[in-house]
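Q: just a sequence and a predicted model for now, questions to come.
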Amino acid sequence: MTKLRPPLPRSFYSRCVLAVAEELVGCHLRRGRVVLRITEVEAYRWPGDTACHARHGRTARNAALWGAVGHAYVYLCYGLHQMLNVVVRGGEADAAAVLVRACEPVAGLTTIRRRRGNKQGPVLLTGPGKVGAALALDRAFDGHDLCATGGLTLEPGTPPKQVAVGPRIGIDYAEPEHCAYPWRFVDADSAWVSHRAASARPAMHEAHHEAHEDHEP
DNA sequence: ACAAGGATCCTCT
DNA sequence: GAGGATCCTTGTT
């Protein structure tokens, strides 16, 4: 079984969202017996990013983005998918968050499969809606404290050997300049990621020498 | 009240 | 790769 570790401290989330996003790759999400290792994330922040849900200001739906760091921002996408974000605030932004896009199973595979239609392999967890389903998230988790023991928590895990970066997925509504930001971070050695080909960038090959640099716009 | 638009997923081809 | 499913949130009459 997975060793129980204290959740990541609140201070982890009070930094630049790009640094937090990168370091969340490899961390563990725990809810009950289900433990997932994060393999793919995306960073969002406002101002300066028209892909961010905060772009139209504070609303009832996105209020958690302006709340305490280390809490979850969970919202319903396309009317049926529960998407898990982690609230971050690093001083450079009024509101920021990291979207968990994919994971690989660490524990609780039976439960995961049951919640995902008894499928098998990466299709279980390679997509933000799939992660939400595997964790059985619902609206009640919006604003949940991920630093507190119990419920849903974020813990240290196994860091990736190499991290690949690329543009974020599914944000065609944003300004082209913002669509191009390499704010998507994936474990380069994991098969449990969505859109592997779409993230193809020099960083994938150069990761051997240098994980990445220059991810500030 | 109403219309439009999604940070997606699944099932085809 | 393309298209439909599906329904809540938001902004506009």
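A: Yep, it's here.
Q: burial of the residue in chain A that DNA strand C sits nearest to, as a residue count?
A: Proximity of chain A to DNA strand C (C-beta to the nearest atom of the strand) peaks at residue A:79, 2.2 Å away. Every residue, glycine included, has its C-beta placed from N, CA and C. Residues near residue A:79, counting by other C-beta atoms under 10 Å, number 5.
Q: so which strand or helix has the residue nearest in space to the middle of chain A?
A: In chain A, the C-alpha nearest the mean C-alpha coordinate belongs to residue A:100, at 2.1 Å (C-alpha atoms, centre = their mean). According to DSSP states H and E, residue A:100 maps onto strand A:95-107.
Q: what is that strand packed up against?
A: helix A:17-24, strand A:28-31, strand A:34-46, strand A:81-88, helix A:128-134 (3 or more C-beta pairs under 8 Å, 6 or more residues apart in numbering; DSSP states H and E).
Q: and if we set it to 7 Å?
A: helix A:17-24, strand A:34-46, strand A:81-88, helix A:128-134 (3 or more C-beta pairs under 7 Å, 6 or more residues apart in numbering; DSSP states H and E).
Q: does DNA strand B sit close to it?
A: Yes - counting by C-beta under 7 Å from any atom of the strand, contacts between strand A:95-107 and DNA strand B involve A:97, A:99.
Q: quick one: name the residues of chain A near DNA strand C.
A: Counting by C-beta under 7 Å from any atom of the strand, chain A comes close to DNA strand C at A:56-57, A:59-62, A:75-76, A:78-80, A:139.
Q: so residue A:128 makes contact with residue A:78?
A: No - at 10.9 Å, residue A:128 does not count as touching residue A:78 under the criterion of C-beta atoms under 7 Å.
Q: more neighbours: which of those two?
A: The neighbour comparison of residue A:128 against residue A:78 (other C-beta under 10 Å) goes to residue A:128, with 24 against 7.
Q: which stretches of chain A form strands?
A: With DSSP state E as the criterion, chain A has strands at A:28-31, A:34-46, A:72-77, A:81-88, A:95-107, A:152-155, A:163-166, A:184-187.
Q: what parts of chain A come near DNA strand B?
A: A:42, A:44, A:51-53, A:77-81, A:83, A:85, A:97, A:99, A:116-117, A:119, A:123, A:127-131, A:169-171, A:173, A:194.
Q: all good on my end, thank you.
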